[in-house]
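Participant: sharing a model prediction with you, sequence too.
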Amino acid sequence: MGEPWERLLKDRGYKIQNTLGEGAYSKVKSAYSNRLGREVAIKCINTKLAPKDFVEKFLPRELQTLPLLRHENIVRVYEILEASDGYVYIVMEAARNGDMLRFVQKRGALPEYDIKRYFWELCQAINYCHEKNICHRDLKCENLLLDKNFKLLLTDFGFSKPMNTDARGRMVLSSTFCGSAAYAAPEIIQGKPYDPRMHDMWSLGVILYIMSCGHMPFDDSNVKKMLKIQLKNHLRFPPRVNDVLSGELKTLIRQLIQPDVTQRATMAKVLEHPFFYGYQELRTRPSTALNATTSVAQQIYHYFTGSRPPTSPAAAAAAGQEDKGGCSHDARRQSRHQESSGARPRHGFCETGHTSCEVTSTCDSTPAVETRHRRSHDATDCCGSSTCDPYQRSPCTHKRVRPSHRK
């Protein structure tokens, strides 16, 4: 607590904890607020090190926009402090589960139900902003946070802009290049005046593609080459997910990543898209993100085998099924164990082979046998001893005590 800005925050009742992120002229610290009685995230911006256009143009815009937004899927700002030493502090809602980019990097392509949930929440946040005549203009996975309950929170309104209309009621087009090239619409890369709302729609399509496929739709290492591919409308889905993703999802992605602005899906069309049909009735279903997420590999496996995906513990409990214990298995440790031992992966089961335990969950039971082994002897042939496992590989060698022999 030696720096002046840290002492200032301490005096206002914030107990500084660890650093969540750090940039060239800003840091994000986790802290506990005695006044609010909860954990918060504090974005500390050093305006003396920040670029002039950021300090004079984009930062004031963000500070003006954030207090106006009140939505369950937009990060909540509790306090904004401007100190005489050149620091600006934005105290906001904490997001314990990081951002969407790291979430997808860790888990890969998401199950379609989770895609539907997160994309619906994102669309609700963007639709709210558009109704408030505000365009985000920097939508990307890094700006989508996940709170302790894995609820999506939109953040970083540094490039946001109020939407204005001319005397004829037409939208005033923007000309400033904003955001990342990987998420930017082709008209922006071409340097053309653009409708900021349709820029947001293109970025939504890129985010939806990333959640569905686990990687970017275009390689932005060569922007000119990327632009040519975008203008040809050559969007491809990787073979590993092409047969898993529903037709409605792929259609929605294509309608959003549409180079022709006049043909690109609007927010009204997205919210009424068949991809979301029935979602309102299913919103009470427990999200697999809160338990164990079924990977794309599992979905492909169940697609070709026709088998039923395993039920997560939460879903089993909701359906009145028996929950066979908690699961705390690490899928990455399991994968490394399988690779080193040469074992064949068992899709949909943990290392103990419990059907109630999914691959990414943990199982605290004793790893006994693989699920592909069935009963080697009938339960009636078992001696009934507590040390005898009816699922063991060899028949029971204990002598069965018949009722007539019992005293």
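Facilitator: Received the coordinates, thanks. Everything numeric in this text was worked out from a predicted model, so none of it was measured. Numbering: from 1, shown residues only.
Participant: can we go C-alpha only for contacts and neighbour counts from here?
Facilitator: OK.
Participant: which residues touch whichever strand or helix holds Pro60?
Facilitator: Here Pro60 sits within helix 59-65, counting by DSSP states H and E. Helix 59-65 has contacts (Cα atoms under 8 Å, 6 or more residues apart in numbering) with 80, 156-161.
Participant: please work out the average pLDDT along stretch 238-253.
Facilitator: Stretch 238-253 carries an average pLDDT of 94.
Participant: so which bits of it are buried?
Facilitator: Across stretch 238-253, burial judged by 16 or more other Cα atoms under 10 Å covers 241, 244-245, 249-250, 252-253.
Participant: what's the closest of those residues to Gly21?
Facilitator: Ile253 (30.9 Å; Cα to Cα).
Participant: secondary structure of His71: a helix, I assume?
Facilitator: No. Read with DSSP: H, G, I helix; E, B strand; the rest coil, His71 is coil and lies in no helix.
Participant: per-residue pLDDT of it, please?
Facilitator: Reported pLDDT for His71: 95.
Participant: is it true that it touches Ala125?
Facilitator: Yes. If you go by Cα atoms under 8 Å, His71 and Ala125 touch, sitting 6.9 Å apart.
Participant: neighbour count winner among the two?
Facilitator: For His71 versus Ala125, neighbours defined as other Cα atoms under 10 Å are more numerous around Ala125 (22 against 14).
Participant: and that one, how far from Val28?
Facilitator: From Ala125 across to Val28, the span is 23 Å (Cα to Cα, to the nearest Å).
Participant: likewise Gly158?
Facilitator: Distance from Gly158 to Val28, by Cα to Cα: 15 Å.
Participant: the two: which is more packed in?
Facilitator: Gly158 (22 against 19).
Participant: who's in contact with that one?
Facilitator: Gly158 is in contact with 58-59, 61-62, counting by Cα under 8 Å, 6+ apart.
Participant: any idea which of the residues you listed is closest to Arg96?
Facilitator: Comparing the contacts of Gly158 against Arg96 with Cα to Cα picks out Glu62 as the nearest, at 22.6 Å.
Participant: measure that closest one to His273 for me?
Facilitator: Separation of Glu62 from His273 (Cα to Cα): 31 Å.
Participant: show me where the stretch 201-350 of the chain has helices.
Facilitator: 223-231, 239-242, 247-256, 267-271, 279-282, 296-305, 313-318, 331-341 (DSSP state H, counting those that start in this stretch).
Participant: so Lys43 sits in a strand?
Facilitator: Yes. If the criterion is three-state DSSP, then Lys43 is within a strand.
Participant: and the closest residue to it other than its chain neighbours, which helix or strand is it part of?
Facilitator: Nearest residue to Lys43 in three dimensions, chain neighbours excluded: Val28, at 4.4 Å (Cα to Cα, 6 or more residues apart in numbering). Using DSSP H and E, Val28 sits in strand 26-33.
Participant: with Ile115 instead?
Facilitator: Assigned by DSSP H and E, Ile115 falls within helix 112-131.
Participant: ok, Val261 touching Met198?
Facilitator: Yes. Counting by Cα under 8 Å, Val261 touches Met198, with 7.0 Å between them.
Participant: got the CA positions of the strand or helix carrying Phe103 in CSV?
Facilitator: Per DSSP H and E, Phe103 falls inside helix 100-107. Written as CSV, here are the backbone C-alpha positions of helix 100-107 (Å, rounded to 0.1, in the frame of the first residue of the first chain):
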residue,chain,number,x,y,z
MET,A,100,-15.3,-15.2,-22.5
LEU,A,101,-12.1,-15.5,-24.4
ARG,A,102,-10.3,-17.4,-21.6
PHE,A,103,-13.5,-19.4,-21.0
VAL,A,104,-13.5,-20.6,-24.6
GLN,A,105,-9.8,-21.1,-24.7
LYS,A,106,-10.1,-23.4,-21.6
ARG,A,107,-13.2,-25.3,-22.6
